[in-house]
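[1] sequence? don't have it. structure:
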C-alpha cells in the first residue's frame, strides 16, 4: 500500500519530564527502498517499538535506538 511507504524522520530530545520530537524529513519511497531502510535501521541498533496513531488517527510504526 502506498501509505506504508511514507518515511518520516524525527529528532528526539529527552529532557526531565518531557520528550520533544522535531520533524526532519518526510518522503515517499518505493517498496524495495522501504525494505532496505528498515534493514539498515536494524543494522545500526534501532528496534521496532510498536505501532501508534497520530492526532489525525493515521497509523505509523515506531523504532527506538536500544543500547
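    Perfect, I can see it now. Note that this is a predicted model, so its numbers are computed, not measured.

[2] Name the helix or strand for residue 47, please.
    Using DSSP states H and E, residue 47 falls within strand 46-53.

[3] Tell me which other helices or strands that strand touches.
    Using 3 or more C-beta pairs under 8 Å, 6 or more residues apart in numbering; DSSP states H and E as the contact test, the elements touching strand 46-53 are strand 59-65. In short, each C-beta sits where N, CA and C put it, glycine included.

[4] between the strand it packs on and strand 46-53, how big is the angle?
    Using axes from the mean of the first three to the mean of the last three C-alpha atoms, to 10 degrees, the inter-axis angle of strand 59-65 relative to strand 46-53 is 150 degrees.

[5] Quick check: buried residues in strand 59-65?
    Across strand 59-65, burial judged by 16 or more other C-beta atoms under 10 Å covers no residue at all.

[6] remind me which residues of the protein are low pLDDT?
    1-4, 67 (pLDDT under 70).

[7] Can you show me the helices along it?
    31-43 (DSSP state H).

[8] Within its sheet, name the partner strands of the strand holding residue 47 and how each one runs.
    Note on strand 46-53: by DSSP bridges, its sheet partners are strand 59-65 (antiparallel).

[9] got a list of contacts for the strand it pairs with?
    If you take C-beta atoms under 8 Å, 6 or more residues apart in numbering as the criterion, strand 59-65 is touched by 8, 41, 45-54.

[10] Now render those as TSV, adding neighbour count and distance to residue 62.
    As requested, the contacts of strand 59-65 are exported to TSV (neighbours: other C-beta atoms under 10 Å; distance: C-beta to C-beta, whole Å):
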residue	neighbour count	distance to residue 62
8	13	11
41	14	11
45	11	15
46	15	10
47	11	10
48	12	8
49	12	4
50	9	5
51	9	7
52	10	6
53	9	11
54	9	11
